[in-house]
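S.K.: Just to be clear, the model below is a prediction. Sequence and coordinates:
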Amino acid sequence: MVKLRLKRHGRKQRTYRIVAIDVQSRREGKAIKEVGFYNPRKEQTQLDGFAIRSLLEEGAQITRTVRDILKRAKVPGEVGINNQKSNLRRI
């Protein structure tokens, strides 16, 4: 199964790339496709909405953190995740 999740990036790993990656791969493993960028320090987000939408249509899942980033970037309707809930349980 493929998931959209964060991958650390940068000199001191302070920025993240939003990538499509196999669930069984480790976090820093080889990504299938890079679909965005997130910098929490400067609140910068860059997303490829078309790529995200196509991955979701193919059955990719979204982690809770990536879903929240997409909502903050105000693109959930654009990529079709308005009513989609993550399969992750809150602890």
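M.R.: That came through, no problem. Numbers count the residues shown, from 1 in each chain.

S.K.: got the contact list for stretch 40-47?
M.R.: 14-16, 18, 35-39, 69-70, 72-73, 75 (Cβ atoms under 8 Å, 6 or more residues apart in numbering). Where C-beta positions appear, they are placed from N, C-alpha and C, glycine not excepted.

S.K.: repeat for stretch 24-37
M.R.: 2, 4-9, 15-22, 44-48, 51-52, 55, 69.

S.K.: related to what we said a few turns ago, what about burial for the contacts of stretch 40-47, which qualify?
M.R.: Thr15, Tyr16, Ile18, Val35, Gly36, Tyr38, Ile69, Leu70, Ala73, Val75 (16 or more other Cβ atoms under 10 Å).

S.K.: how about those residues in a markdown table, adding distance to Gly59?
M.R.: Below are these laid out as a markdown table (distance: Cβ to Cβ, whole Å):
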| residue | distance to Gly59 |
| --- | --- |
| Thr15 | 28 |
| Tyr16 | 23 |
| Ile18 | 17 |
| Val35 | 15 |
| Gly36 | 19 |
| Tyr38 | 23 |
| Ile69 | 20 |
| Leu70 | 17 |
| Ala73 | 22 |
| Val75 | 20 |
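
S.K.: Now, the contacts of stretch 40-47 that are in strands?
M.R.: With DSSP state E as the criterion, strands contain Thr15, Tyr16, Ile18, Val35, Gly36, Phe37, Tyr38, Asn39 from among the contacts of stretch 40-47.

S.K.: okay, now Ala31: neighbour count?
M.R.: 16 (other Cβ atoms under 10 Å).

S.K.: Buried subset of the contacts of stretch 24-37 as a PyMOL selection?
M.R.: Only the buried entries of the contacts of stretch 24-37 go into this PyMOL selection, using 16+ other Cβ under 10 Å:
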select buried, resi 2+4+5+6+7+9+15+16+17+18+19+20+21+45+47+48+51+52+55+69
